[in-house]
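**Student:** Sharing a model that was predicted from the sequence below.
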There are 2 protein chains.
Amino acid sequence: MSSIPAVKTSRPDDKKMDEETGRVPPLACQNCSLGHFALYGPTRDATPGEIYTRRRGVLKIAPQKTFLREGEVMSQIFTLYSGWAFSFKQMPDGRRQILSFLIPGDAIMLENLYFPNFALPFSVKSLTAVAVCVFKLEDMILLTKASGAQARQLAATMHYNVACMNRRLVDMGRRSALGRVAQLILELEERLRGRGLSKEGRFHFPVRQEDIADALGLTTVYINRTLDRLRRLNVIAFDRQWMTVRDIPALRIIAEEE
Amino acid sequence: MSSIPAVKTSRPDDKKMDEETGRVPPLACQNCSLGHFALYGPTRDATPGEIYTRRRGVLKIAPQKTFLREGEVMSQIFTLYSGWAFSFKQMPDGRRQILSFLIPGDAIMLENLYFPNFALPFSVKSLTAVAVCVFKLEDMILLTKASGAQARQLAATMHYNVACMNRRLVDMGRRSALGRVAQLILELEERLRGRGLSKEGRFHFPVRQEDIADALGLTTVYINRTLDRLRRLNVIAFDRQWMTVRDIPALRIIAEEE
DNA sequence: CGCCGGGTTGAGGGATCTCAAACCCAGTGG
DNA sequence: CCACTGGGTTTGAGATCCCTCAACCCGGCG
């Protein structure tokens, strides 16, 4: 039984503006400004129509909704089109660990391309309103196998994800709060920049301090003080969901050394 | 340039005893007591000769040697035959984070089956004397693709590894020292038991407290006190490289709650 | 016997947590 | 236009968990 909540799935010609980002949601994949970065990038670039015909729909999800739950077995795979989300594990006593933040262009459940029929090892929750493109798992697996470029892209993406997880492990094991926060900001800035969503180090950052805490293994209060410290050091400005990295080199040094 | 240190690679008929485990090192794969668990298990079970003809040699490595270094590109893949090792990241200032412990039957660099030509994202160091079976990456990739059972086995193994990494992330982010140590012991006991290397909760555990510390993001001193606490609680006995889990249910409760 | 690589123990310090209150700001409703 | 509300942020004070430093112990080995 799929757990996708009962939200309307709109057809691609739906042209309503997304309030947060001002981006027009799901148009034909041919014109999608993110398609090039998505896991099916190579295929889309070669034969744009391929992707569009395979898309099974577009899901709109309200902010702060857990729309995938640990343990479910899915026959679909998702690409985040707009908005932010994160994957996490929930412990019985309420503690929570965020595994990774998801930004536009990210595939959710990438691993399932290699491991179909495996239960989701985490839950996924939206931070903002979110639109995800839905594909049938089988279709995408075939697509992946069909082209070498496609397979390489997938491999590279998974490799990048694993690298991020390793880095996060190092952060949590061996870095101070200051270093972890710096590291996180740098990672997100880099990923967002790669997708054209960070201009001169400034980007939309709709993440509550509690979420940062749960991602880095700290508490809300301490995250607050740490962000404050970074502000005072004049390396970042962060206010009302907008983050600006004022001094990347300095931030990088902090990220390395702390 | 490969970084494999200049150690003798012995032919399979080498019958010297391994001092630590008392196991006869690398015999013909057909008779290997671990082959069934290895990543090429399905193939070996169906056509035992297949694996043996593909093995390129056996590497003997002394204890406490870093025999693979982050950044290298390998054309081979390894299976740990006997002994313990671990993968880790080293930071410029000396801090270290252990990513995972490797036990007999584990593949090293599993990911490279999917991502050949990618640089190693971590270094690997032996804890005890170690013997590894060496295979050509290409050979194993072909093997993987040849059989569905083989591909499924690989997928399952990678999935298990990712699950372990996620669990470790949760541990480091949201569990106390006591919980983390308990969790680690349980994980290792389970993995070793799966390979017939833990009898009634008792197993060889050649890991220094400093290594445990580097795996769990704590200090040697505190690991010591924590182990002591577990001993006093009468859930484990641990002396001179031998670990005994006296009370699995209790340990599990600690692992969950702390 | 003396050394060496761990393990063990003690005392003090610091990073991070907990608890709790105040604050800020965007909405909402009068 | 203002009072009220609610989610999130900020601040303060005190408590803990874990770290640092340093000494001591112990078994193995030359």
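**Tutor:** Ah, there it is. Residues are numbered from 1 along each chain as shown, chains lettered A, B, ... in the order given.

**Student:** For the closest residue to residue A:92 other than its chain neighbours, what is the enclosing helix or strand?
**Tutor:** Nearest-residue entry for residue A:92: residue B:256, 7.4 Å, with adjacent residues in sequence omitted and distances by CB to CB, 6 or more residues apart in numbering or on different chains. In this view, the C-beta of every residue, glycine as well, is placed from N, C-alpha and C. Secondary structure assigned from DSSP states H and E places residue B:256 in helix B:248-257.

**Student:** burial count for the residue nearest to residue A:92?
**Tutor:** The local packing of residue B:256 (other CB atoms under 10 Å in any protein chain shown) involves 15 other residues.

**Student:** Quickly note the distance from it to residue A:35.
**Tutor:** Going from residue B:256 to residue A:35 by CB to CB, to the nearest Å gives 43 Å.

**Student:** Which residues are in contact with the closest residue to residue A:91 other than its chain neighbours?
**Tutor:** Computed as CB to CB, 6+ apart, the closest residue to residue A:91 that is not its neighbour in sequence is residue B:174, at 6.6 Å. Residue B:174 sits next to A:91, A:95, A:96, A:97, A:217 when contact means CB atoms under 8 Å, 6 or more residues apart in numbering or on different chains.

**Student:** 10 Å - rerun?
**Tutor:** A:89, A:91, A:93, A:95, A:96, A:97, A:172, A:214, A:217, B:180 (CB atoms under 10 Å, 6 or more residues apart in numbering or on different chains).

**Student:** Redo the residues you listed as JSON lines? Include neighbour count, pLDDT and distance to DNA strand C.
**Tutor:** Rendered in JSON lines, the data for the contacts of residue B:174 read as follows (neighbours: other CB atoms under 10 Å in any protein chain shown; pLDDT from 0 to 100; distance: CB to the nearest atom of the strand, whole Å):
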{"residue": "A:89", "neighbour count": "20", "pLDDT": "98", "distance to DNA strand C": "17"}
{"residue": "A:91", "neighbour count": "13", "pLDDT": "96", "distance to DNA strand C": "13"}
{"residue": "A:93", "neighbour count": "8", "pLDDT": "94", "distance to DNA strand C": "11"}
{"residue": "A:95", "neighbour count": "13", "pLDDT": "96", "distance to DNA strand C": "9"}
{"residue": "A:96", "neighbour count": "18", "pLDDT": "97", "distance to DNA strand C": "12"}
{"residue": "A:97", "neighbour count": "24", "pLDDT": "98", "distance to DNA strand C": "12"}
{"residue": "A:172", "neighbour count": "23", "pLDDT": "98", "distance to DNA strand C": "10"}
{"residue": "A:214", "neighbour count": "23", "pLDDT": "98", "distance to DNA strand C": "10"}
{"residue": "A:217", "neighbour count": "22", "pLDDT": "98", "distance to DNA strand C": "6"}
{"residue": "B:180", "neighbour count": "24", "pLDDT": "98", "distance to DNA strand C": "14"}
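
**Student:** So of those, which two are at opposite extremes in space?
**Tutor:** Among those, the pair separated by the greatest distance (CB to CB) is A:93 and A:172, at 19.4 Å.

**Student:** can you pull the contacts of residue A:38?
**Tutor:** A:29, A:32, A:44, A:51, A:79-81, A:104-107, A:133, A:153, A:157, A:195.

**Student:** what's the nearest residue to the residue nearest to the spatial centre of chain A if we skip its chain neighbours?
**Tutor:** Nearest to the mean C-alpha position of chain A, counting by CA atoms, centre = their mean, stands residue A:102 at 1.1 Å. Ranked by CB to CB, 6+ apart and with sequence neighbours excluded, the top spatial neighbour of residue A:102 is residue A:85, at 4.3 Å.

**Student:** Equivalent analysis for residue A:198, please.
**Tutor:** residue A:192 (4.1 Å).

**Student:** what's the offset of the helix or strand containing that neighbour from the middle of its chain?
**Tutor:** Following DSSP H and E, the helix or strand that holds residue A:192 is helix A:177-194. Centroid separation for helix A:177-194 versus its chain: 13 Å, with CA atoms, centre = their mean, to the nearest Å.

**Student:** do stretch A:144-157 as well
**Tutor:** Relative to the chain's own centre, stretch A:144-157 is displaced by 20 Å; criterion: CA atoms, centre = their mean.

**Student:** Pull the residues that contact it.
**Tutor:** For stretch A:144-157, contacts defined as CB under 10 Å, 6+ apart pick out A:37-47, A:50, A:106-107, A:110, A:113-114, A:140-141, A:143, B:111, B:114-118.

**Student:** So among the residues you listed, which ones count as buried?
**Tutor:** Among these, those classed as buried by neighbour count (16 or more other CB atoms under 10 Å in any protein chain shown) are A:37-44, A:50, A:106-107, A:110, A:113-114, A:140-141, A:143, B:111, B:114-116, B:118.

**Student:** Of those, which belong to strands?
**Tutor:** When DSSP state E defines the strands, the subset of the buried ones among the contacts of stretch A:144-157 inside them is residue A:107.

**Student:** residues from chain A in reach of DNA strand C?
**Tutor:** Contacts of chain A with DNA strand C, taken as CB under 7 Å from any atom of the strand, map to A:176, A:177, A:178, A:217, A:218, A:219, A:221, A:222, A:240.

**Student:** Can I get those residues in CSV including distance to DNA strand D?
**Tutor:** Compiled in CSV, the residues of chain A next to DNA strand C are given as follows (distance: CB to the nearest atom of the strand, whole Å):
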residue, distance to DNA strand D
A:176, 10
A:177, 13
A:178, 14
A:217, 11
A:218, 12
A:219, 9
A:221, 4
A:222, 8
A:240, 8
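
**Student:** Who wins on neighbours among those residues?
**Tutor:** Neighbour-wise, these (other CB under 10 Å) top out at residue A:217, 22 neighbours.

**Student:** What separation do you get for that one and chain B?
**Tutor:** Between residue A:217 and chain B the computed distance is 3 Å (CB to the nearest CB, to the nearest Å).
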